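Asker: Okay, here's the prediction I keep looking at, along with the sequence it came from:
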Amino acid sequence: MTRLWKLRLLICLLISLASGSLALADLYFPQTAVGSAGNLTILTRFTITRAASGNPTVLISFYDNDGHPWTLDVSCAEQPELNGSWSSRSFVFEGRTAATIMVSANTGVAAGWTCISTQTRLTVSSSYVAMEQDPSGGQGAPWKPLWEAGVLPSPSANQFFFAADNKTDRVVRSTGLAMSNPGSVDTQVTVKLYDAAGTTLSTKYVQLPSHGHTALFLSQIFADVNMDNFIGWVELTSRVAITAAALQGSAGAGATVYSAIPVTPNRQDAAYTMVYDTEENDTFEHRQFFMLPAQIQGSALSSAGASAADTDYYAIAASSGQMIEVTVLTDAIGSQLEPVVELFDMGMHLLATAAPMSAETDDKTLLYTVTNSANYVVRISSTSGGTHLAYRAYLTTE
């Protein structure tokens with residue numbers, strides 16, 4: 001089982017935020033900050049662009065720290081149907097257009113996270129905007145921008161790394177971390193702090209509920225380490241795929257500004273071939289063949305209709321003595337699909353059936369050592385259909 005556990009740890013979920021009409025692509029923004037404190041106001045701005053033609057449906061959902069739907073004030077000149085207060089809304093986005101969506105709240109400063117889902121490729125970015133209003137100017141006083149930090153969507157992955165530079169020269173620096181859990185299973189994130197030489201200084205554990213969020217400074221997480229004038233790096237690991245973002249604050253001369261820090265997922269699965277579930281692969285005759293190792297982005301969408309049960313057939317090759325490994329993730333990516341995963345020979349004789357990774361999850365694993373060099377069939381089936389019932393499958397041999 002050692003090799004399989006390595007595979008689980010190295011899998012980076014949603015490796016490409018894929019386009020196509022068969023499965024939703026989820027764009028995760030681990031930090032959405034809004035609200036006011038004194039004369040300071042924080043907004044989050046989303047910019048969406050679609051360079052291609054077509055009019056896809058886009059779904060935007062906001063979540064608070066506890067994973068509950070989070071109602072925010074939204075305004076958008078280009079998409080006026082978005083104007084109002086809501087926690088989740090879908091809309092049709094015209095091709096070859098762009099839109100800017102401003103998100104705010106008439107509350108104290110608060111933070112959560114955002115998921116933007118679509119069935120096609122979009123370019124989306126987010127910016128945290130801090131503004132200040134001159135108190136002597138009254139209600140109509142102009143706003144003065146203080147700082148703005150732009151971020152791209154975070155992939156969903158089991159492991160992340162980012163640099164921590166709190167070195168003080170002419171300014172005082174601090175590093176903040178935001179994480180969200182887009183899956184349907186609670187998780188515990190292991191946060192490790194390393195110095196510049198790679199020595200582990202501290203290990204902490206952060207609980208992250210399903211669809212939950214947290215945002216902390218490293219000095220809060222690692223209270224046992226003197227973070228003043230610190231340079232090093234941070235590693236995040238979780239058994240459930242999470243998303244992450246980091247900001248660096250620089251303070252001096254009475255002002256503080258923030259900028260985004262690159263957060264890098266573990267991409268050791270980059271050698272895997274990306275395969276998209278294409279209908280009609282719901283019969284043995286129309287099976288999809290590909291070489292291993294491979295990763296499949298699939299959904300329970302049948303050629304018989306969106307509500308029909310779906311069966312996907314995939315053909316692979318293996319040599320005598322090799323062990324075929326199949327990992328199918330649903331819970332880990334927030335899907336409600338309960339898959340049945342089976343391995344057959346080309347005569348459709350059943351060789352093995354995948355078992356749950358644990359009693360608490362519908363994620364499945366299958367291990368089978370073949371005795372003949374031949375092609376084999378992997379069948380992934382469901383009892384109900386729908387585009388929201390997605391799965392990610394990882395297939396390899398050893």
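Answerer: Cool, the structure landed.

Asker: Next one: the closest residue to A77 other than its chain neighbours from V129, what distance?
Answerer: Using C-beta to C-beta, 6 or more residues apart in numbering and skipping the chain neighbours, the partner closest in space to A77 is T100 (7.3 Å). (Glycine included, C-beta is placed from N, CA and C.) Distance, T100 to V129, using C-beta to C-beta, to the nearest Å: 11 Å.

Asker: swap in T168?
Answerer: 26 Å.

Asker: Check N55 too.
Answerer: 29 Å.

Asker: Ignoring the adjacent residues along the chain, who's closest to A246?
Answerer: That would be I261: by C-beta to C-beta, 6+ apart, it lies 4.0 Å from A246.

Asker: Now do that neighbour: how many residues are near it, please.
Answerer: Neighbours of I261 under the rule other C-beta atoms under 10 Å: 19.

Asker: Next up, the contacts around it.
Answerer: F162, A163, T175, A246, L247, Q248 (C-beta atoms under 8 Å, 6 or more residues apart in numbering).

Asker: Redo these as a markdown table? Include distance to S299 and pLDDT.
Answerer: Shown next, in a markdown table, are the contacts of I261 (distance: C-beta to C-beta, whole Å; pLDDT from 0 to 100):
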| residue | distance to S299 | pLDDT |
| --- | --- | --- |
| F162 | 32 | 91 |
| A163 | 37 | 91 |
| T175 | 38 | 93 |
| A246 | 32 | 94 |
| L247 | 34 | 93 |
| Q248 | 38 | 90 |
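
Asker: Now flag whichever of those residues is closest to G347.
Answerer: F162 (50.6 Å; C-beta to C-beta).

Asker: For that closest one, list the residues it contacts.
Answerer: L177, W233, V234, A244, A246, I261, P262, V263, T264.

Asker: List the neighbouring strands of the helix or strand where it lies plus their orientation.
Answerer: Applying DSSP states H and E as the criterion places F162 in strand 157-165. Applying DSSP bridges, strand 157-165 is found paired with strand 231-252 (antiparallel), strand 264-265 (antiparallel).

Asker: need the least confident one among the ones you listed, by mean pLDDT.
Answerer: The weakest mean pLDDT among the strands paired with strand 157-165 belongs to strand 264-265, with a mean of 84.

Asker: Any idea how far the helix or strand that that one is followed by is from the middle of the chain?
Answerer: Using DSSP H and E, the next helix or strand after strand 264-265 towards the C-terminus is strand 273-276. Its chain's C-alpha centre and that of strand 273-276 lie 18 Å apart, by C-alpha atoms, centre = their mean, to the nearest Å.

Asker: What pairs with strand 273-276, parallel or antiparallel?
Answerer: Using DSSP bridges, the strands paired with strand 273-276 are strand 294-300 (parallel).

Asker: What are the buried residues along the strand it pairs with?
Answerer: For strand 294-300, burial by neighbour count (16 or more other C-beta atoms under 10 Å) applies to A294, Q295, I296, Q297, G298, S299, A300.

Asker: Check stretch 372-383 too.
Answerer: In stretch 372-383, counting by 16+ other C-beta under 10 Å, buried: Y376, V377, V378, R379, I380, S382.

Asker: Among the contacts of F162, which one sits closest to T32?
Answerer: A244 (14.0 Å).

Asker: what's the burial count for that closest one?
Answerer: 26.

Asker: next one: S61
Answerer: Residue neighbour count, defined by other C-beta under 10 Å, stands at 19 for S61.

Asker: residues contacting the closest residue to D186 other than its chain neighbours?
Answerer: With C-beta to C-beta, 6+ apart as the criterion, D186 has its nearest non-adjacent residue at 4.9 Å, and that residue is P209. P209 is in contact with D66, G67, N181, D186, counting by C-beta under 8 Å, 6+ apart.

Asker: any idea how far P209 lies from V34?
Answerer: For P209, the distance to V34 equals 21 Å [C-beta to C-beta].

Asker: ditto for T118
Answerer: With distances taken as C-beta to C-beta, T118 is found 23 Å from V34.

Asker: So which of these two has more stuff around it?
Answerer: Between T118 and V34, counted using other C-beta under 10 Å, the more crowded position is V34 (25 against 22).

Asker: Does that one touch V109 like I think?
Answerer: Yes - with contact defined as C-beta atoms under 8 Å, V34 reaches V109; the gap is 7.4 Å.

Asker: Low-confidence ranges, the chain, go.
Answerer: Low-confidence segments of the chain (pLDDT under 70): 1-24, 119, 135-140, 267-272, 279, 301-308, 384-388.

Asker: sorry, back to before: and of the contacts of F162, the nearest to S358?
Answerer: Ranked by distance to S358 (C-beta to C-beta), the contacts of F162 are led by A244 at 23.8 Å.

Asker: Wait, the closest one touches V263, no?
Answerer: Yes - using C-beta under 8 Å, A244 makes contact with V263 at a distance of 5.0 Å.

Asker: which residues are in contact with both of these two?
Answerer: Shared contacts of A244 and V263, defined by C-beta under 8 Å, 6+ apart, are found at S154, F160, F162.

Asker: Spit out the contact partners of the second one.
Answerer: In this case it means F160. For F160, counting by C-beta under 8 Å, 6+ apart, the contacting residues are E235, L236, I242, A244, V263, T264, P265, N266.
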